[in-house]
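S.K.: please work out how this folds:
(chains A and B)
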There are 2 protein chains.
Amino acid sequence: MGPATKTVTLEGRFQMHRAGFLESPTMAYETWGELNSTRDNGILIFSGLSPSAHAASSAEDLSAGWWEDMIGPGLPLDSDYYYIVCVNSLGSCFGSTGPASVNPDTGDVYRLDFPTLTLEDVAEAAYGVVRHLGIEQLHTVIGCSMGGMSGLAYCVRHAEATQNLISISSATRALPFSIAVRSLQREMIRSDPKWMNGNYDPQDPPLNGQRLARKLGMMTYRSPEEWVQRFGRQRTTATEENVNDPFKIAFSVEAYLENHANKFSGAFDPNCYLYLSRASDLFDLAEHGGSLQSGFSRINLERALVIGVETDILFPLQQQRDMAEGLSAVCADTKLVELDCIRGHDSFLVDMDAFRPVICGFFESCGS
Amino acid sequence: MGPATKTVTLEGRFQMHRAGFLESPTMAYETWGELNSTRDNGILIFSGLSPSAHAASSAEDLSAGWWEDMIGPGLPLDSDYYYIVCVNSLGSCFGSTGPASVNPDTGDVYRLDFPTLTLEDVAEAAYGVVRHLGIEQLHTVIGCSMGGMSGLAYCVRHAEATQNLISISSATRALPFSIAVRSLQREMIRSDPKWMNGNYDPQDPPLNGQRLARKLGMMTYRSPEEWVQRFGRQRTTATEENVNDPFKIAFSVEAYLENHANKFSGAFDPNCYLYLSRASDLFDLAEHGGSLQSGFSRINLERALVIGVETDILFPLQQQRDMAEGLSAVCADTKLVELDCIRGHDSFLVDMDAFRPVICGFFESCGS
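M.R.: Numbers count the residues shown, from 1 in each chain, chains lettered A, B, ... in the order given. Model (predicted):
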């Protein structure tokens, strides 16, 4: 947790959506800007699976956040006008209670005793943070990737809790291809002998399984088209250590994946990853009332914006169209923006020039 | 090897394309039909990475082959007219010499002492089989997937050795995305502690790594669209053994991958897989003369047929278009057929109704 991250204890028994409960879980969050006197300028951000609450720098924490160019004075999420809150998802490992936290009932780390996590739980815990901050109704909920599903859960469970919704590269529920990808990522981690059925030594976690899972992740977060432009068939040069390895890294794209995987793997708790990954598979808006239509009918919004990217293979464009269609049945002012970014699912993190004007446009038309 | 599979020893020192040699390697092959008196009705089939030479049943082996509905009397590859030969690729493990074979110079299994394998070597060894069978010029070379690249290598190295070429769901060289997929598959196998740097016990091979690699394979061999139709979000029921496993298989798509992976993993030698996988990455037609154009200029064909599938993510349609364009510069009678099959790269194995008429049409127009 960075110096700008705050925490709040959600006092009492936190009932989980499927079964079980957490005793007084902690939620980590970060804020930018000030809540106005009418308490109607709050924006809540749900991140994707892996980021922390540190979405952007501030006076208290100068380090860049995961959505650095999006949040701040004069930026699309303008902290001069809005009070912006980003939560670390329940189940994660950056200050919020998750499988790597100590269970106060036993004094032991939860590990696999953590109850089944759903994105409804992620939404509900964020709702607790928002209420703690004194906000009855948010101006806008923004959800990116997995966070878009958390955002839908938020809107379904608390129909009056936000005026507007922005969904970025998300879905009403995962496709079988995306489930297959995440299932295999989880299996890679669980196949690492160091995982030890979840009882790994935190100082010696299943890093290799995490590295493999991250590489598969990167293949679905970016796009084949980007890699043609960026790497083509460019080669690396053999290093002294690997000159006799017949399967050594030989192509630049392999080196790129290796570097990314090594950066990520130590930074995220493996059990937390497994729980959040599974939660992404489990979410289905249709479970709220028995059909997607009934799920959408529980949502009450003034305005909705759905953004998707042409080259996204994890949450493809068709899912954005389906989401926009479903939302427009209950929210006349629903807009769909299809971006032709080449960097796939991750575009919202790396192709800021494409995303900033769209987010800006949304808030400008809100009259800020 | 099945009862219909024959072998031939390519006597002498077999010089490998990159470096090193094999001492009198063995090649396994199967044939259907009879060579005619003018010796001009020969068809050579290069398979994808994993199949054996047993492409179809025959009187000597009634078991179904990997291209069962394509080869036989009255079928598209009509054994009443043609003498059809399918080789097990050099480097594989179904009768041809590969990393799982014994090195006659040492008496030990090659394992990682096998020299670097390229698809030029696969082509050259097949050329040895064809010459052994008394054929100077083939009627047609057919290559599927990796085999299409082996087929290109065959045509480049022996410009007069075939009249016609059929390339199915292949490419002039792999995309970085496909390289990334195969690189990760190799890493999964090599990360299995049982791999032991290639020195695994053949009775206790790195099955888990192979299972993981096969699952990733299936994700790229089929298509997300197929899985939406076939599985959607259908669930499996928990079995008694896994009821307490929080990450147990829950969706039908996960069970499907598990079944496929278990079927495949024991059947293929891991080191052979690694070598053939790497050979697929390494092949680049442009290495023959310094550019794709110069590579194509070494090919001499009367007719060429390039077939691709819209939903193929491993060898996408654009690569088929590029291949057809390159071939048409040197072979006026080049035809491109784009099929709208939903089952992705594997369509040529499973969507026979779409492929049979195209292959039939090719041979009918040859006047057979």
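S.K.: contacts, neighbours, all on C-alpha from now
M.R.: OK.
S.K.: would you map the helices across chain A?
M.R.: Shown for chain A, the helices assigned by DSSP state H span residues A:119-132, A:146-157, A:176-191, A:207-221, A:224-230, A:252-265, A:270-282, A:292-297, A:317-328, A:347-350, A:352-365.
S.K.: helices or strands up against the third one?
M.R.: Based on contacts counted as 3 or more CA pairs under 8 Å, 6 or more residues apart in numbering or on different chains; DSSP states H and E, the elements that helix A:176-191 packs against are helix A:207-221, helix A:270-282, helix B:207-221, helix B:224-230, helix B:252-265.
S.K.: run through who's touching it.
M.R.: With contact meaning CA atoms under 8 Å, 6 or more residues apart in numbering or on different chains, helix A:176-191 is reached by A:195-198, A:206, A:208-210, A:212-214, A:216-217, A:270, A:274, A:277-278, A:281, A:314-315, B:208, B:212, B:215-216, B:219, B:223-224, B:227-228, B:231-233, B:247, B:253-254, B:257.
S.K.: and what of the last one?
M.R.: With contacts defined as CA under 8 Å, 6+ apart, helix A:352-365 is touched by A:69-70, A:75-77, A:305, A:337, A:339, A:341, A:348.
S.K.: 10 Å - rerun?
M.R.: Identification of contacts with helix A:352-365 by CA atoms under 10 Å, 6 or more residues apart in numbering or on different chains yields A:67-70, A:74-78, A:140, A:166, A:168, A:303-305, A:307-308, A:335, A:337, A:339-341, A:347-349, A:366-368.
S.K.: picking that back up, make JSON lines out of the helices and strands packed on helix A:176-191 and add mean pLDDT.
M.R.: Formatted as JSON lines, the helices and strands packed on helix A:176-191 follow (pLDDT from 0 to 100):
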{"stretch": "helix A:207-221", "mean pLDDT": "97"}
{"stretch": "helix A:270-282", "mean pLDDT": "98"}
{"stretch": "helix B:207-221", "mean pLDDT": "97"}
{"stretch": "helix B:224-230", "mean pLDDT": "96"}
{"stretch": "helix B:252-265", "mean pLDDT": "92"}
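S.K.: redo the ones you listed as JSON lines? Include mean neighbour count and distance to residue A:97.
M.R.: Converted to JSON lines, those look like this (neighbours: other CA atoms under 10 Å in any protein chain shown; distance: least, CA to CA, whole Å):
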{"stretch": "helix A:207-221", "mean neighbour count": "23", "distance to residue A:97": "21"}
{"stretch": "helix A:270-282", "mean neighbour count": "24", "distance to residue A:97": "10"}
{"stretch": "helix B:207-221", "mean neighbour count": "23", "distance to residue A:97": "31"}
{"stretch": "helix B:224-230", "mean neighbour count": "16", "distance to residue A:97": "34"}
{"stretch": "helix B:252-265", "mean neighbour count": "18", "distance to residue A:97": "29"}
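S.K.: okay if I get these as TSV plus distance to residue A:353?
M.R.: Converted to TSV, those look like this (distance: least, CA to CA, whole Å):
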stretch	distance to residue A:353
helix A:207-221	18
helix A:270-282	28
helix B:207-221	31
helix B:224-230	29
helix B:252-265	37
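S.K.: of all those, which one is nearest residue A:162?
M.R.: Closest to residue A:162 of these is helix A:270-282 (CA to CA; 22.3 Å).
S.K.: got a list of what the residue nearest to the spatial centre of chain A touches?
M.R.: Closest residue to the average C-alpha location of chain A: residue A:48 at 1.1 Å, with CA atoms, centre = their mean. Residues counted as contacts of residue A:48 (CA under 10 Å, 6+ apart) are A:88-89, A:143-150, A:168-170, A:276, A:280.
S.K.: neighbour-wise, which one of the residues you listed leads?
M.R.: Neighbour counts for the contacts of residue A:48 peak at residue A:150, which has 34 neighbours (criterion: other CA atoms under 10 Å in any protein chain shown).
S.K.: gap between residue A:63 and residue B:247?
M.R.: Residue A:63 sits 35 Å away from residue B:247, taking CA to CA, to the nearest Å as the criterion.
S.K.: just residue A:209 next, same as before
M.R.: From residue A:209 to residue B:247 the distance is 15 Å (CA to CA).
S.K.: same question for residue A:169.
M.R.: 25 Å.
S.K.: now residue A:178
M.R.: Taking CA to CA, one finds residue A:178 at 16 Å from residue B:247.
S.K.: next: residue A:159.
M.R.: For residue A:159, the distance to residue B:247 - CA to CA - is 32 Å.
S.K.: go on, residue A:358?
M.R.: 38 Å.
S.K.: got it, and residue A:108?
M.R.: Residue A:108 is 21 Å from residue B:247, by CA to CA.
S.K.: also residue A:163?
M.R.: Taking CA to CA, one finds residue A:163 at 36 Å from residue B:247.
S.K.: residue A:318: neighbouring residues, count only.
M.R.: 14.
S.K.: need the contact list for it.
M.R.: Residues near residue A:318 by CA under 10 Å, 6+ apart: A:171, A:308-310, A:312, A:324.
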